[in-house]
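Student: Fold the stuff below for me.
(one chain, ligands or ions: 1)
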Amino acid sequence: MPRVHVTRPIAEEALSLLRSEADVTVGPGDRESSRQELLDLVRPADGLLVVGHPKIDGELMDTAASLKMIANFGVGVDHIDVAAATARKIWVSNTAGSLTETTAELAWALILATTRRIAEGDRLVRAGEWKGFGPFFFLGTELPGKVLGVVGAGRIGQAVARKARTFGMSAVYWSRTPKPELEDATGASPRELEVLLRESDIVVLTVSLTKDTQHLIGAPQLALMKPTSYLVNIARGPVVDEAALAAALLEKRIAGAGLDVYEKEPEVHPDLLRCPGAVLVPHIGSATIETRRRMSLLAAQNCLSGIRGQVPLLALNGHIPRRA
Ligand code: DGY
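Tutor: Below is the predicted model:
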């Protein structure tokens, strides 16, 4: 029987599906395996189902002589060296499409939480510091008439932009390629990144992390944003220079930020923790019961296809010759 290693527990239904065709080992539930543990667990595997963000590089692939398939539980694969996998004739897949609306919802939760100061208000009430209603007390910012700037117009970026009209906002977007379908569906228009940053009241980052998008938003880009604007990051932490963002927030050069992802997860830059206008949540973009079930099943199906020698539904490395 082929062997599959799943790096963290996923939905039981998906583990049963894998067990119907493979011997399955599952990593710890409460933490990521150490590098050495992972190397040992992957060594006999034909398939690897990656949950979380352990580094999956050429060295790890070389320890597993019969590895044919790396199925990622999630969309972003910046922790997986796809080129190294392709060179070794190993398929890599993700779960694109299973978490689009859920992650877009989190972007809007962060937009509303920052503009209406939800987390800050909650802290104030719990601390017993609320003295009662006041006409100028705890004012936020309204959304109708404002401009939403979406950076990255893949599935998730498009889903974020589609919801703009619900809140009476117009949308602009930045993408490497024009997205006529987005323009038709939402009226969003394309912008150069610098123009988008200057124009937008809310900037939402949805780009994949690559060497080109590392620190895409740093001090020079933050300086283009309006002092009344907000930044939301649901992409990957290293897309933003966290120290520069914390400085911009503390010096009130922008009004607030909503972050789901961080440069060195699970660490958060200490200066961000001091920013009252920052709403910080722990990488929960796809964390709903329904979505995690869909992701589990999709990752398991991809994994089984790969170990059977079939092209996985959501293969990321095109057609590669079948591994002997
Ligand atoms: C994703 O799907 O990319 C999530 O952030 C989990 O990695």
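
Student: alpha carbons only for contacts and neighbour counts from here, please
Tutor: OK.

Student: can you list contacts of stretch 256-264?
Tutor: Defining contact as Cα atoms under 8 Å, 6 or more residues apart in numbering, one finds that stretch 256-264 is touched by 110-111, 113-115, 229-242, 249, 268, 277-285.

Student: Weed out the non-buried ones from those residues.
Tutor: Applying a neighbour-count criterion of 16 or more other Cα atoms under 10 Å, the buried members of the contacts of stretch 256-264 are 110-111, 113-115, 229-242, 249, 268, 277-280, 283, 285.

Student: Among those residues, which lie within helices?
Tutor: Applying DSSP state H to the buried ones among the contacts of stretch 256-264, the entries found in helices are 110, 111, 113, 114, 115, 242, 249.

Student: Tell me the one of these nearest residue 58?
Tutor: Proximity of those to residue 58 was ranked by Cα to Cα; the top entry is residue 242 with 29.3 Å.

Student: got the residues of the chain near the ligand?
Tutor: Residues of the chain lying close to the ligand (Cα under 6 Å from any ligand atom) are 52, 74, 75, 76.

Student: Who wins on neighbours among these?
Tutor: Neighbours here are counted as other Cα atoms under 10 Å. On that basis the top member of these is residue 74, with 23 neighbours.

Student: Now for the nearest residue to that residue once chain neighbours are set aside, how many residues are close by?
Tutor: Closest residue to residue 74 in three dimensions, ignoring its sequence neighbours and counting by Cα to Cα, 6 or more residues apart in numbering: residue 95, at 5.2 Å. Burial measure for residue 95: 24 neighbouring residues, criterion other Cα under 10 Å.

Student: Quick check: residue 95 is in a helix.
Tutor: No - under the criterion used here (DSSP: H, G, I helix; E, B strand; the rest coil), residue 95 is coil, not part of a helix.

Student: so who does it touch?
Tutor: Contact criterion Cα under 8 Å, 6+ apart gives 72, 73, 74, 75, 295, 298, 299, 314 as the residues in contact with residue 95.

Student: would you list the residues you listed in CSV and tack on distance to residue 180 and pLDDT?
Tutor: Compiled in CSV, the contacts of residue 95 are given as follows (distance: Cα to Cα, whole Å; pLDDT from 0 to 100):
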residue, distance to residue 180, pLDDT
72, 29, 98
73, 30, 98
74, 26, 98
75, 23, 97
295, 28, 98
298, 29, 98
299, 30, 98
314, 24, 95
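
Student: Now, these that are in helices?
Tutor: Within those, residues falling in helices by DSSP H are 295, 298, 299.

Student: Pick the one among these closest to the ligand.
Tutor: Proximity of the ones in helices among the contacts of residue 95 to the ligand was ranked by Cα to the nearest ligand atom; the top entry is residue 295 with 8.8 Å.

Student: Give me the distance between that closest one and residue 161.
Tutor: 23 Å (Cα to Cα, to the nearest Å).

Student: and if you look at residue 219?
Tutor: 25 Å.

Student: lowest-pLDDT helix or strand in this protein?
Tutor: The helix or strand with the lowest mean pLDDT-type score in the chain, counting by mean pLDDT, DSSP states H and E, is helix 180-186 (a mean of 93).

Student: ok, now which ones touch the nearest residue to residue 146 once chain neighbours are set aside?
Tutor: Of all residues beyond its chain neighbours, the one nearest residue 146 is residue 169 (5.1 Å), with distances taken as Cα to Cα, 6+ apart. When contacts are counted by Cα under 8 Å, 6+ apart, residue 169 touches 143, 144, 145, 146, 147, 148.

Student: picking up where we left off before, what mean pLDDT would you report for whichever helix or strand comes after the least confident helix or strand of the chain?
Tutor: The C-terminal neighbour of helix 180-186 among helices and strands, as given by DSSP states H and E, is strand 189-190. When the per-residue pLDDT values of strand 189-190 are averaged, the result is 96.

Student: neighbouring strands for strand 189-190, and are they parallel or not?
Tutor: Pairing partners of strand 189-190, with direction, according to DSSP bridges: strand 170-174 (parallel).

Student: Pull out the CA atoms of the strand it pairs with and give them to me as PDB.
Tutor: Coordinates of the C-alpha atoms in strand 170-174 are reproduced here as PDB (Å, rounded to 0.1, in the frame of the first residue of the first chain):
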ATOM      1  CA  SER A 170     -16.300  52.000  -5.400                       C
ATOM      2  CA  ALA A 171     -13.300  49.700  -6.100                       C
ATOM      3  CA  VAL A 172      -9.900  50.000  -7.800                       C
ATOM      4  CA  TYR A 173      -7.400  47.200  -8.200                       C
ATOM      5  CA  TRP A 174      -3.800  46.500  -8.900                       C
END
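
Student: coming back round to it: looking at residue 219 and residue 161, which one has more neighbours?
Tutor: Legend: neighbour count by other Cα under 10 Å for residue 219 and residue 161, higher for residue 161 (27 against 17).

Student: which of the contacts of residue 95 count as buried?
Tutor: Neighbour counting by 16+ other Cα under 10 Å classes 72, 73, 74, 75, 295, 298, 299, 314 among the contacts of residue 95 as buried.
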